[in-house]
Every structure is written in C-alpha cells, then in structure tokens.
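Visitor: Return atomic coordinates for the entry below.
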Amino acid sequence: MQDGERNSSAHTRGRFLQVQRCRPICFLLALASLTFMFAASARAEKNSDRADWMRAARFGVMTHFLHDWIMHDQHDQMTPENWNNLVNGFDVEAVADQLKSVGASYYLISIGQNSGYYLSPNAAYDRATGIKPSKLSRRDLVADLATALSKRGIKLMVYLPAGAPAGDPAARAALKWKNGPYRNAEFQRNWQAIIREWSLRWGNKVAGWWFDGVYWPNNMYRGVEPPNFRSFADAARAGNPHSAIAFNPGQVNRALSLTPYEDYIAGEIGDPPLWRARRNFDGLIDGAQIHFLSHLGATWGLGAPRFSTEEAIGFSRKVAEVGGAVTWDTPAQHNGTFAPEFVAQLKAIAEAIRATPLKPDLPPDARPTPPPDGGPERNPPSVAAAADQQPASARPVARADAPAPGSLPGRGLAQHDFICAGQWDTRNPLETATLVRGGKVVWTFTIPDKNERNETAEFSDIHLLSNGNLLYAHKTGAAEVTPDKKLVWSYIAPPGTEVHSAQPIGMDRVFLGQNGFPAKALLINKRTGRIEMEHELETKPKPDDPQLVGGSIHGQFRHIRMTAQGTYLIPHLNLGKVREYDRNWKQIFEVDAPSAWTAVRLANGNTLIGGNQHGYVREVNRKGETVWEINKDDLPGIPLYTVQEVSRLKNGNTIISNWGGSIQKSDWEKVVQYIEVSPDKKVVWALHQWKDPDLGPGSLMQILDAGGDAQDLEPAR
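Guide: Below is the predicted model:
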C-alpha cells in the first residue's frame, strides 16, 4: 500500500480397459485408475505451477518496513545514515522465530516504496539515479532474512511498487517516470533493469514478488512489444525462474487476476467483509492462485489491532475454504518484530486456517442454466453463454450433414471479396479475421482468445475501412489496426462490462455498444479520446443472484447501429425487441423480435433483423409488419442454426452469417457458414469453408465488392 493512498487504493479413451475374468483386485485397481483420471481432468487450468506452494502454505505475514512508517512517532529526519541504522537494527533471527511461532509459512517484506529508501543495495539503481550518497542500505536485509527464514522452513517474498518512488523527485526524473496513464517505456526499461539486478542477487532465496501500483495496465503493460507484463515478469524471475509473481491494480473487493503473466492474485482489500471470490475452481481464479491481503493494524503498517481475533479468523476462513492463501500485513517495531497483541492474533488465525477444510468447488457444468426461450420475457442471456455452460453431450447435433464438395451454389471463395470472422472459436487459442480477395486469402489478423486479464475475447464486430485499417470489437473492448497490424486505437472495456459493437462513424469516430449495469451507447472520438455522446440503454434488471450477472450482461446487446439519418437502431437482445431512437434518444419505432442479434436499416426504410438462436432473418416495415422472412429450415439442405450478422447487398440479395457454436463441437464442420439469398429466397451462394482455409464459425461478414465504405454508413450491415 503506497503513501498518500492509505484510505483508497494502496496495494493495489486413454486406453479402453478390458476387464475379462479379472480378479476383484484388478477391478479395484482399474476403478482407482479411472477415478484418478477423471479427477485429474477436472483440474482447473492455471497460469503456471509457481504458486502451487502458496495453496499448501495457506497463511503468511507481511511487513511494511519503511523508515517513514516505522519512525513516524519520533519524527526523525530521514537520511541515508539514519536509514542504514534502522536496517542494521532489524533482528532477522527474532523475526524468524516469531514467524515460526505463529505458524506463518511465508513472509512478505517491502524492499522500499515512495521515499526512495530501499533495504538492499542495487548498483543499477544507483547508476540510473545518480543519487549520492545512496539511499539504498549497505546491508542486504533481504538476503539476511532469507537465510534466517530458510532455517525454519519459511519462504520469503518481496514487495515493490511498479512505479518510481513518488516522494523522491530526483529519482522520478532520473528514471523517466511520469505518473498517470502513460506508456512510460523508458522508465519501464530502467525499472526492469533494477528489478533484474535484485533478482540475480537473491536467486532462489526469494520465492515471490508482489508488485504494487499497477493502476494503468492497459497503457503501460499490455503492449505486444516489450516493455510489457511479460518482460516485467521475466526481469523478476531472472534469478529464480520459479518465483511467483502478482501485479496489484489497487483495492478490489472481488478476487481477480490482472494478467496471464502473474501466478497468484495480488488480492489487496481494505475492507475484508467485502471480499468475495467468483468462478473459482481448484483454488484458482482465471488461472491464478487465490490470494487475500489486508491489514491487521488500523491502517497499512501502522496502528493497534482494528479487528477482534474472532473477526480476523472469520475473514481468513472465508478465503481458506476456497483454497486461497491469506496474508495479513502486521505493523513492525523498530527491530522488525511484532507487538505481543499481534503475535497472539496471528497465531490464532494460523491455527484456524489450518483447521479450515476446503469447500467443494461447484463444477462449471453444474451452474444454473437459463430457461428455454419462450419470448422476450424468457430469453436466455445468449446462445454462446448457454453453450459454454452446457456439457458438450447436452448440445444439439447438426440437422444436416456437411455438403458434398462442389455441391453448393456459387463460386466459393471467388464469389465476393470479403472479410469475415467468427465468435467463440474454442478449437484454437486464437480468434481469426480473414480477408479474401480474388478467391484467395490475402491477409489475416488474430487476437488471443484470452486477453491480458485472462478474460475470454472474440471478434464481435469487424469493419474494413477505406484506408485499409480494421476496426473491430472484441468483447473485452474495441481496437483499430493498420494493414501491417500496428495498433492505432484501443478502448478497453471497464471491469464488469463487454463491448460487442463498434461501428465506424466517418474516419474519426466510433459508435460503441457497452454491455453492463448500466449498459451504454457511446460515441467516441478516436483522435481525441473524448466521449462525445453517452446514453444508458434499457436492459433487463440486474439479477439478484450474483452467479447470473455475467450471463445477463453478456446477453444484453450485440450490434447496435447509428443510421445514415443520425438515429439509433438498437436490437435489445434480452428484451426481444428492436427499437429506434431519434437524436435525442426519444423512441420512434419498436417491433418485437425475439433475441435480435442485429438490426440493419435498409435503403427502402425497412429493417432487416437477425434472430440469433431462433434462426430467422426477417424484414419488417415501419409498421412493424413482416414483409420478407426466412426461417431456420427454409433453405433445402442448409439449416440455419444461430443467425448472427445479416446484411443486404445493393442487388437486393441478403447475406446471412450462420453460426454453429451452439451445437456439438464435433458437428461444427457440417455447418454452412455464410449464405447469400435472393429476394425470391433462392440460395445463390453458400460458403462451407472449414479447410484450406479454415474460416471458423460464421458470425461476421463484410462484402467488399458491394459498393460504399464501412465508415460512410452506406453498406446495409
């Protein structure tokens, strides 16, 4: 927890077993083997095994050993000499004895923080800052602590801010630090060199790092090129490749992982009664070991006990029962030891944690699933969400076999120039957008199916602009890249939200749909970053059951659009309606449309709607009357499964994106992904392309030879 932020966000069939005339013992062995196999397969995926020891450890202690905190009551002037005296007075043997006596399995100590005083030498720091005399201690307290602790079987971890010392202007300037949402690439290179030297100095004496102040992860650490999270972690593991690492975004009541490059969750929380874990399995959340960190004193590193022992035990058990590790920050005395009242509390907490049994996890496929759809009031959150929660065997099978090669109408890939992408292609670790010209793939662009926060990402909306750039929504935000795949604009969805719609408005603006509570329509200026319009969108109420909130958010909206007339055409997916609003967000049109995934304003003033899992494509007039419609089994030999994006070409033909992710994955390749239908409902082109190239599930297609540019609001898509 960093100075100046104490009251807010400081820390931030293998083989088939044949059993014939088998003796009972053989059967028992086989049964045990199968049991082991199934248990192993139920293990949650994790980022690494570096933090496995933390789950077994269960409990540890932290100390902020900082001159300005330890000596706050004496008002001593901080000087290099005073700092060296304080560090030299730290009694590592006494502290190690106390930690052993209270049952701590690990100890986390601050190397330094905002003052620029650190408790271990570092030549790289001194060279970079040029500060003389050095504000780093001559004694290597970390190394000495590690020696004392290792004799007692206790692991050592270290704390360090991810930024320059906020209270040392000279160091900030020399290290090239700029506080705020900036790239800070030069600083990061300097800081990683400093971290690397410490890591090499200590080697395997340090079992883990806890990095504070990662308040702007999108701006500073999520770039493809270093410095980034990966290079930061590499620096910290230079001396010990097995070091467990966490990056702290600040105080967060819900346990969450910030990046796949961390091994455990930082877990800082100021108000322990608010701590909660969701979607945890096998002691992990999103691949990272669950970890809780709060303070026993009145504030971080200071004060008398703020909780009764019973209260602290209650908080700790809540974490321990889901396989989490519990760390309590405890004020240190001048020699590093803890006052008797804290020793008693720590010992009681440790004993309670050891006696706390693990609570069985809820299997992912046992989560409650939404009821079958029966109209606007009973729509499931989304087909993708429901499919993700179902066991594979519970999903329907394909209603037709894959078409024979050469049997489909049209010229295959050569029918049109286009760019396409599919949502939720869980067959691969990457999601791919594919550009086809002249019947050949000329360009692809991929995104990981997990982002830096280990959240599922997917292509939800794509637009190839006239300058060759690709604008896309990816569920966890939206972005624009150049033909050479350079990122030129990015919007990261805030926690608890999703972005499935990003429509270009000219070359400088984006009309964005952001699911959440509340859901919002945003008009963003890409050049300035300014939100020029923001409006809350109606959705179903937030569920009372926290387990259903994520699915409810996911099922609110897919494509929302601004029309050429400046109105807003909004398919309310989970309300089962399509509405149009004028420039002032006054409703001017509404039609019932179960699970409307997309709605497109046509040149004739009608609206074209794609019906998601209902498998319909419907054109309605201004009175809401259906004037043209195709349903899921209307096209001979080509069943529609989940109709996602639909568009109308200038020749009157309709393009249908036929997503098959809701059926059994083994049947996906039977699905015809993209279909072009004439006004008289004849299939003039159908694309079944799962090999050479593999276009994946069919969600999105922009026809490029249809005339008009994506950013000019002319193409009806």
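
Visitor: rest of the way, CA atoms for contacts and neighbours
Guide: Noted.

Visitor: OK, contacts around Leu66?
Guide: 110, 112-113, 117 (CA atoms under 8 Å, 6 or more residues apart in numbering).

Visitor: ok, now Glu625?
Guide: Under the criterion of CA under 8 Å, 6+ apart, Glu625 has no contact partners.

Visitor: just Lys485 next, same as before
Guide: Counting by CA under 8 Å, 6+ apart, Lys485 makes contact with Phe445.

Visitor: Distance-wise, check Pro494 relative to Val578.
Guide: When CA to CA, to the nearest Å is applied, the distance between Pro494 and Val578 equals 26 Å.

Visitor: Show me which of these two is the more surrounded one.
Guide: Applying other CA atoms under 10 Å to Pro494 and Val578 shows that Val578 carries more neighbours, namely 25 against 12.

Visitor: What does the closest residue to the more buried one other than its chain neighbours show for phi and psi?
Guide: Of all residues beyond its chain neighbours, the one nearest Val578 is Pro571 (4.3 Å), with distances taken as CA to CA, 6 or more residues apart in numbering. Note on Pro571: its backbone torsions stand at phi -80, psi 110 [degrees, to the nearest 10].

Visitor: next one: Asn651
Guide: When quoted as degrees, to the nearest 10, the phi and psi of Asn651 stand at phi -80, psi 0.

Visitor: quick one: pLDDT of it?
Guide: Per-residue confidence for Asn651 comes out at a pLDDT of 94.

Visitor: Any idea how many residues pack against it?
Guide: For Asn651, the number of neighbouring residues by other CA under 10 Å comes to 9.

Visitor: ok, now how distant is it from Met701?
Guide: Separation of Asn651 from Met701 (CA to CA) stands at 17 Å.

Visitor: So which of the contacts of Leu66 sits lowest on pLDDT?
Guide: Gln113 (93).

Visitor: How is the protein partitioned into domains?
Guide: Each domain of the chain is listed here as a residue range: 46-354, 383-712, per automatic domain parsing.

Visitor: mind putting those in TSV, distance to Pro360 included?
Guide: Below are the domains of the chain laid out as TSV (distance: least, CA to CA, whole Å):
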stretch	distance to Pro360
domain 46-354	8
domain 383-712	17
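
Visitor: you'd agree the residue nearest to Val578 is up against Ala596?
Guide: Yes: using CA atoms under 8 Å as the test, Pro571 is close enough to Ala596 to be in contact (5.4 Å).

Visitor: joint contacts of those two?
Guide: With contacts defined as CA under 8 Å, 6+ apart, the residues adjacent to both Pro571 and Ala596 are 577-578.

Visitor: Show me where the stretch 201-350 of the chain has its helices.
Guide: Using DSSP state H, counting those that start in this stretch, the helices of the stretch 201-350 of the chain run over residues 217-220, 229-236, 309-320, 340-354.

Visitor: name the helices or strands packed onto the third one?
Guide: Right, helix 309-320. Helix 309-320 sits against strand 325-329, helix 340-354, with contacts defined as 3 or more CA pairs under 8 Å, 6 or more residues apart in numbering; DSSP states H and E.

Visitor: Out of these, which is closest to Ile313?
Guide: When the helices and strands packed on helix 309-320 are compared for distance to Ile313 using CA to CA, the nearest one is helix 340-354, at 5.2 Å.

Visitor: how far off strand 325-329 does the closest one point, in degrees?
Guide: 170 degrees (axes from the mean of the first three to the mean of the last three CA atoms, to 10 degrees).

Visitor: So what's the gap between helix 340-354 and the chain middle?
Guide: Between the centre of helix 340-354 and the centre of its chain there are 35 Å (CA atoms, centre = their mean, to the nearest Å).

Visitor: what ranges do the strands span in the stretch 501-650 of the chain?
Guide: 509-515, 519-525, 531-537, 561-562, 568-572, 577-581, 587-592, 598-601, 607-610, 617-620, 626-630, 642-648 (DSSP state E, counting those that start in this stretch).
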